[in-house]
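1. After the sequence you'll find the predicted model.
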Amino acid sequence: MDGPDTAPDVLVAGECLVDFIPETPGPLPTVEAFRRRAGGAPANVTARLADLGPAPYFWTRVGDDAFGAFLAAALADAGIPDRFVETDPDARTPLAFVAHDDDADREFSFYRDHTADTRLSPGTVPDRALDAVTWVAFGGVCLSSDPARTATLELAERAGTRDCTVVFDPNARPEVWDGGFDFPDSVDAACEVADVVKATPEDLAAAGVDGDDPDVLLDAILERGAHTAFLTLGGDGAVGRAGGAAPWGPAEATHPGYDVDAVDTTGAGDAFTAGAIRGLADGSGLTGAVSLGNAAAAATTTEPGATGADVDRTVVDRIRDG
């Protein structure tokens, strides 16, 4: 495992918010009590990459308020460098209330109207920082409003020109797409600048891709410009496909997932993304990346909240070894 002083080789960009996790299952109107947790898909990816080592950089923006202070402290506790963690004096920190049913499936209610995460500014991450990393990852929520949309796509385009591998997760959240931008068009724009795309069938359906055949869905991702595609299938595991342009391709991988006692699936897909990035970055190839991603995702579901469970190398290896 990498030591605490190992330089980051990944930069993650996007929202960091406070998840309010229910103490009991049921729809949001029936939940009486919540627990506060750090969340946001890019933040979850960042935390899981830190667990697996080495800790990445994280470009995000929180409000100058109590919730922002809570998130900044949580990131510091996770060992995330604060180089690109910004505090916005003129905007609030975004919030999300989560509900889940008896099978740990979730629904969300977001509070992010003109919040700090929507105010990322182009050019904040300098070229020298991109030259120091080899991977850049971002998600779909930050594409729903400007200036964060422009800033994120500008970062991804610039990273690609500086030999970084760019990773995109659409992370469809219909509740946040009310600012005039179109989700399918945004996914297409992101896939054009991404090398690796991780998605779910639900993400692709929201992006206008018809069908539920994993082969068709993987091809749909590759046809949009990426050289590597991952499709996560919940309890059925995940599949991956890489074209000839991928350093680890051409290749295909299928994994049925790992059987654990799931408590909360919040953040499982983000943990998969972190595991897949770490596997590819460490030279494990497509098959190893799918296996590591599934193990990280399975471990994440065993405790409430996106980052409540331990997902370090020891835990992940124990899951993979059965």
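-> Now that the structure is in, tell me what you want to look at.
2. what about the strands in the stretch 201-322 of the chain?
-> Using DSSP state E, counting those that start in this stretch, the strands of the stretch 201-322 of the chain run over residues 228-232, 238-242, 251-255.
3. quick one: buried residues of stretch 261-278?
-> By 16 or more other CB atoms under 10 Å, the buried positions in stretch 261-278 come out as 262-278. The way it works is simple: take the backbone N, C-alpha and C, and place the C-beta from them, glycine included.
4. Mind giving me the packing neighbours of the helix or strand of the chain with the lowest mean pLDDT?
-> Using mean pLDDT, DSSP states H and E, the weakest-scoring helix or strand in the chain turns out to be strand 106-111, at a mean of 82. Judged by 3 or more CB pairs under 8 Å, 6 or more residues apart in numbering; DSSP states H and E, strand 106-111 is in contact with strand 95-100.
5. Sheet partners, orientation included, of the strand it packs on?
-> According to DSSP bridges, strand 95-100 has the following sheet partners: strand 17-22 (parallel), strand 106-111 (antiparallel).
6. To Thr46, which of these lies closest?
-> strand 17-22 (12.7 Å; CB to CB).
7. circling back to that earlier point, how about CSV for the strands paired with strand 95-100, with distance to Ala159 and mean neighbour count added?
-> Converted to CSV, these look like this (distance: least, CB to CB, whole Å; neighbours: other CB atoms under 10 Å):
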stretch, distance to Ala159, mean neighbour count
strand 17-22, 23, 24
strand 106-111, 27, 15
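8. Of those, which is nearest Thr302?
-> strand 17-22 (14.1 Å).
9. just to revisit the earlier point, mind putting the strands of the stretch 201-322 of the chain into a markdown table with mean neighbour count and distance to Asp185?
-> Below are the strands of the stretch 201-322 of the chain laid out as a markdown table (neighbours: other CB atoms under 10 Å; distance: least, CB to CB, whole Å):
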| stretch | mean neighbour count | distance to Asp185 |
| --- | --- | --- |
| strand 228-232 | 26 | 19 |
| strand 238-242 | 25 | 24 |
| strand 251-255 | 17 | 29 |
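10. mind putting those strands in TSV, distance to Pro89 and mean pLDDT included?
-> Output for the strands of the stretch 201-322 of the chain, formatted as TSV (distance: least, CB to CB, whole Å; pLDDT from 0 to 100):
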stretch	distance to Pro89	mean pLDDT
strand 228-232	38	98
strand 238-242	41	98
strand 251-255	46	98
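11. just the strands in the stretch 1-150 of the chain please.
-> Counting by DSSP E, counting those that start in this stretch, the strands of the stretch 1-150 of the chain are 10-13, 17-22, 34-39, 57-63, 85-88, 95-100, 106-111, 135-139.
12. Go through the ones you listed and name the closest to Val196.
-> strand 135-139 (8.5 Å).
13. how far out from the middle of the chain is that closest one?
-> Its chain's average C-alpha position is 8 Å from that of strand 135-139, according to CA atoms, centre = their mean, to the nearest Å.
14. Could you do stretch 44-59 as well?
-> That offset, for stretch 44-59, works out to 10 Å (CA atoms, centre = their mean).
15. likewise stretch 116-129?
-> Computed by CA atoms, centre = their mean, the chain-centroid distance of stretch 116-129 equals 18 Å.
16. And the residue lying closest to Ser291 once chain neighbours are set aside, how far from Val193?
-> Setting aside the residues directly before and after it, Ser291 is nearest to His255 in space (CB to CB, 6 or more residues apart in numbering), at 5.5 Å. In this view, His255 and Val193 are 27 Å apart by CB to CB, to the nearest Å.
17. Pairing partners for Asp11 in the sheet, please.
-> No, residue 11 isn't Asp; it's Leu. Going by DSSP bridges, Leu11 forms beta bridges with Tyr57, Val136.
18. OK, contacts around it?
-> Applying CB atoms under 8 Å, 6 or more residues apart in numbering, one finds that Leu11 lies in contact with 56-59, 84, 125, 129-130, 133, 135-137, 159, 164.
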